[in-house]
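*Asks:* Sequence and predicted structure below; questions after.
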Amino acid sequence: MKRKDGFSLLEALVVVGVGMLITAMALPSMTTAIANAKLRGSMTSLSGLLQSCRMVAVKENKTKTAKFEARSNGLVGFVKDATDTSGVNQSDYQIEMEAPIDKLITPTGTGAPAGVTTAVLGFTAGTGDVVSFNSRGLPCLYNSGSCPNSGFVEYFKDNRIAGGGWAAISVSPAGRIKRWFWNGTNWTD
């Protein structure tokens, strides 16, 4: 009696077919999980940039501002003197967030959540496009040489995530920096 080793072509095709089916079902959730991880990573990098902005403001005894510049490969955040209107250069503290993350003043568009409320934040957020820190390291709303103390919230949308992945960075008037993420129902940290 002859002994057969291996698999038949039919058995191999069934195994490959089942594997492809499982992969096809798991791919959308894997893509969303990876995009969520990238959004969280970008917000962590941004928190670090804001902390660097704060430390440089104190160290140099100047008002410093965190600014943003959109590029084809992502959004770049960088630190400048509040009076400096030039773009990013190599000597600036900077981070790059992966495309397609957009910076918004308030959440807008289809499926956009309501902003983080004053009750959740614990302070009333100032309105402005950039976060500045004065020479004492306190967040402020820089405008033509004046920088009154204020807290901030800035919003970010990741377009890779179905329905948009939303994140926010808040800076309290005392300077506490916090990341927020929209889970579909609430803003959580």
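*Replies:* Ah, there it is.
*Asks:* what helix or strand is the residue nearest the centre of the chain on?
*Replies:* Centroid-nearest residue in the chain: Met43, 3.5 Å away (criterion: CA atoms, centre = their mean). Assigned by DSSP states H and E, Met43 belongs to helix 9-60.
*Asks:* thinking again about what came up before, show me the contacts for the residue nearest to the centre of the chain.
*Replies:* Applying CB atoms under 8 Å, 6 or more residues apart in numbering to Met43 gives the contacts 156, 167, 169, 179, 181. Where you see a C-beta, it was placed from the backbone N, CA and C, and this is true even at glycine.
*Asks:* ok so, going back, now the element after the helix holding Met43, going C-ward?
*Replies:* Downstream of helix 9-60, the next assigned helix or strand under DSSP H and E is strand 64-71.
*Asks:* Check which helices and strands the following helix or strand past that following strand sits against.
*Replies:* Following strand 64-71 in sequence order, the next helix or strand is strand 74-81 (DSSP H and E). Packed against strand 74-81 by the contact rule (3 or more CB pairs under 8 Å, 6 or more residues apart in numbering; DSSP states H and E) you find helix 9-60, strand 64-71, strand 94-98, strand 101-104.
*Asks:* From the rest of the structure, what touches the last one?
*Replies:* For strand 101-104, contacts defined as CB under 8 Å, 6+ apart pick out 39, 42, 68, 70, 74-75, 154-159.
*Asks:* State the separation between it and the centre of the chain it belongs to.
*Replies:* 8 Å (CA atoms, centre = their mean, to the nearest Å).
*Asks:* What count of nearby residues applies to Val58?
*Replies:* Residues lying near Val58 (other CB atoms under 10 Å) number 15.
*Asks:* What of the one 10 residues further on?
*Replies:* Taking other CB under 10 Å as the neighbour definition, Phe68 ends up with a count of 17.
*Asks:* same thing with the one 10 residues further on?
*Replies:* Counted with other CB under 10 Å, the burial measure for Phe78 works out to 21 neighbours.
*Asks:* Asn44 against Lys178, yeah?
*Replies:* Quick fix: residue 44 reads Thr, not Asn. No. Counting by CB atoms under 8 Å, Thr44 does not reach Lys178; the two are 11.6 Å apart.
*Asks:* what about the two, which has more around it?
*Replies:* Using other CB under 10 Å as the criterion, Thr44 and Lys178 rank with Lys178 on top: 16 against 12.
*Asks:* List every C-alpha atom in the host helix or strand of the more buried one, with coordinates, as CSV.
*Replies:* Secondary structure assignment for Lys178, by DSSP H and E: strand 177-182. Extracted in CSV, the C-alpha atoms of strand 177-182 (Å, rounded to 0.1, in the frame of the first residue of the first chain):
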residue,chain,number,x,y,z
ILE,A,177,-1.6,70.3,28.5
LYS,A,178,-4.1,67.5,27.9
ARG,A,179,-5.0,65.3,24.9
TRP,A,180,-8.6,64.5,24.1
PHE,A,181,-10.1,61.9,21.8
TRP,A,182,-13.7,61.6,20.4
